[in-house]
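Q: Test case, fold it:
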Amino acid sequence: MTQSIQQLITQWAHAVASRDMTQIMAFYANDLIAFDAVAQLQFSGKAAYQTHWQQCLEFCPGGHSTFELRDLTIKQNDALGFSHALVYCAGSNEKGEIQGCWMRLTQGWQQQQGQWRIIHDHFSVPFDMVSGAVLFELTPEA
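A: Below you'll find the model as predicted:
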């Protein structure tokens, strides 16, 4: 029996918080399409997204890392699943200062050879349409 998407998301989030690149990438399908909040409009394929993930992890070289999911919702049938949550991602810079913000996360999951794999990853940060400023200070409580 395959693991539930709920269990897998928990394991994936733990891998991200632990900065374990091998474990992070184990959850993704080879034909993944990702819309990340950083760097470019989309990433096609697991290899391209792995390079991006590595760059993101290197952005916070300090020892502290937080990756917290909140308000996780999952819908699934036998072959496809859809999840969304708010995620707090933070890490420490070279000075030991914590840098982080809340983002939105949506993932598409598909059963592939008896295993759930992420086929679509979408991280986003809200912005102000008038000024164009990214709203990093928003919190779920606001």
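
Q: Flag the shaky bits of this structure, pLDDT-wise.
A: Along the chain, segments meeting pLDDT under 70 span 1-2, 60-64, 142.

Q: 90 instead?
A: 1-3, 18-19, 36-41, 52-66, 90-100, 141-142 (pLDDT under 90).

Q: show me where it has strands.
A: Using DSSP state E, the strands found in the chain span residues 28-35, 43-44, 65-76, 80-92, 98-112, 115-124.

Q: what's the second one packed up against?
A: Looking back up the chat, that one is strand 43-44. Under the contact criterion of 3 or more CB pairs under 8 Å, 6 or more residues apart in numbering; DSSP states H and E, strand 43-44 touches strand 28-35. Yep, even glycine has a C-beta here, placed from its N, CA and C like the rest.

Q: angle of the strand it packs on against strand 115-124?
A: Angle, strand 28-35 to strand 115-124, by axes from the mean of the first three to the mean of the last three CA atoms, to 10 degrees: 20 degrees.

Q: Show me how far stretch 81-93 is from its chain's centre.
A: Centroid separation between stretch 81-93 and its chain, computed with CA atoms, centre = their mean, to the nearest Å, is 5 Å.

Q: for that stretch, which positions count as buried?
A: Buried positions in stretch 81-93, judged by neighbour count with 16 or more other CB atoms under 10 Å: G81, S83, A85, L86, V87, C89, A90, G91, S92.

Q: Now tell me what touches it from outside.
A: For stretch 81-93, the surrounding residues in contact (CB atoms under 8 Å, 6 or more residues apart in numbering) are 5, 9, 13, 16, 57, 59-76, 98-110, 116, 123, 140.

Q: Run through the residues that contact Q23.
A: Q11, W12, A15.
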